[in-house]
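>>> Sequence and predicted structure below; questions after.
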Amino acid sequence: MKTTGKYHIEKNTVQETLVIPLYGRKVCADHYPELFMDKEAERICEMLDYDFASKKKIMESPAGLFGALEVAQRHYDLLCEISDYLKVYPEAAVVNLGCGLDDSFHKADNGLCRGYNIDLPEVIEIRNELLGATEREVNISFDLNDHAWMNLIDGRKGAIFFAAGVFYYFQREEIKKLFKKMAESFPEGVLVFDCCNELGAKMMRKTWLKEAGISDVSAYFSLKDKSEIEGWSNRFKRVSERSYMRGYRDIYHDVGFFHKLMLVFCDRLVRMKIIRIEFGKEERG
Ligand SMILES: C[S@@+](CC[C@H](N)C(=O)[O-])C[C@H]1O[C@@H](n2cnc3c(N)ncnc32)[C@H](O)[C@@H]1O
């Protein structure tokens, strides 16, 4: 809903969670411009009617800034995955699951691929207004648990699906069904997403969501490691994982002492990872 010329973000909703990564990218661009320059994140924040003043206080504390580093780093990691996939399938569908106001497609666009951004109707309404869509891009209002969204994706020239900060809000059974259906529908496809273990999910509930006053969600999904999902479908050709803070670009030497400690903690104890699932045509016997 538009008020005072800006788009109002309702407090205490799943939709409000989209502000965290968006504002985190802006804060990282301010603090670490050489690593995370992101003018678009700043521009979009300026168009939202949201209490950024209180968020700024939280996010610029040492712990808050680490959270911002996490979301900015995850954004970077997933862009690496998209760009690698597009080298092999340049005309692929690039599908942002639970897109919020994330502009990865614009950053990854090679002039040939097609972008699909999927989120709940309230979010897509805001997205259409603030980001619009280019000629090879479409914003789709759908609940990801209603698998009919897959019919709208043209994956004939390949498809890379990515989700940043989304599956924490899903039940494990929902995720299993979703992944299985995707593997059946897109045999050339790849899915990449971030996750952490149960300790990380608990911490997220107690810190990020609590601080943000978001109570209509509880983080459900967590993974000890990739072996937990490998057996979910015989159409998973290969499942791999990489550290999300250190596996794509190691920023250990770019941050201060406290953040170095947090980085090692999140890597080793919370097991923050990017999981990559390659779907395959052949069913294993
Ligand atoms: C933490 S935000 C992340 C937004 C974006 N991926 C980013 O990194 O900026 C989570 C997003 O997932 C969306 N989401 C949560 N559950 C969903 C569902 N069942 N179907 C579609 N989108 C969903 C929310 O509306 C929200 O935009």
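Perfect, thanks for sending it. Residues are numbered from 1 along each chain as shown.

>>> all contacts plus neighbour counts: C-alpha atoms, from now on.
Fine.

>>> for the record, mean pLDDT for stretch 122-138?
For stretch 122-138, mean pLDDT is 93.

>>> Toward the C-terminus, what is the element adjacent to the helix or strand of the chain with the lowest mean pLDDT?
Using mean pLDDT, DSSP states H and E, strand 2-3 stands out as the lowest-scoring helix or strand of the chain, at a mean of 54. For strand 2-3, the following helix or strand on the C-terminal side (DSSP states H and E) is strand 6-8.

>>> Give the buried residues for that following strand.
For strand 6-8, the neighbour count (16 or more other C-alpha atoms under 10 Å) marks Y7, H8 as buried.

>>> Strand partners (parallel or antiparallel) of that strand?
Take DSSP bridges as the rule and strand 6-8 pairs in its sheet with strand 2-3 (antiparallel), strand 48-49 (parallel).

>>> what about it, average pLDDT?
Confidence for strand 6-8, expressed as mean pLDDT, is 83.

>>> interface residues of the stretch 101-250 of the chain facing the ligand?
101-102, 119-120, 123, 142-145, 163-166 (C-alpha under 6 Å from any ligand atom).

>>> Just the ones of those in helices?
V123 (DSSP state H).

>>> which among the residues of the stretch 101-250 of the chain next to the ligand gets closest to F66?
For these, the minimum distance to F66 (C-alpha to C-alpha) is 15.3 Å, reached by G165.

>>> Next up, the contacts around that closest one.
For G165, the contact set (C-alpha atoms under 8 Å, 6 or more residues apart in numbering) comprises F193, D194, C195.

>>> Distance check, the residue most central in space within the chain against Q15.
Ranked by distance to the mean C-alpha position of the chain (C-alpha atoms, centre = their mean), the top residue is A164 at 0.9 Å. To Q15, A164 is 14 Å away according to C-alpha to C-alpha, to the nearest Å.

>>> And for L22?
Distance from L22 to Q15, by C-alpha to C-alpha: 12 Å.

>>> if you count what's nearby, which of those two comes out ahead?
Using other C-alpha atoms under 10 Å as the criterion, L22 and Q15 rank with L22 on top: 24 against 18.

>>> number of nearby residues for the residue nearest to the more buried one when sequence neighbours are not counted?
Distance criterion C-alpha to C-alpha, 6 or more residues apart in numbering; nearest residue to L22, sequence neighbours excluded, is A41 at 5.9 Å. A41: 20 surrounding residues under other C-alpha under 10 Å.

>>> before we move on, what about V95?
If you count neighbours by other C-alpha under 10 Å, V95 ends up with 26.

>>> Show me what the helix or strand it falls within is packed against.
Assigned by DSSP H and E, V95 falls within strand 93-97. If contacts are counted by 3 or more C-alpha pairs under 8 Å, 6 or more residues apart in numbering; DSSP states H and E, strand 93-97 sits against helix 104-108, strand 114-119, strand 159-163.
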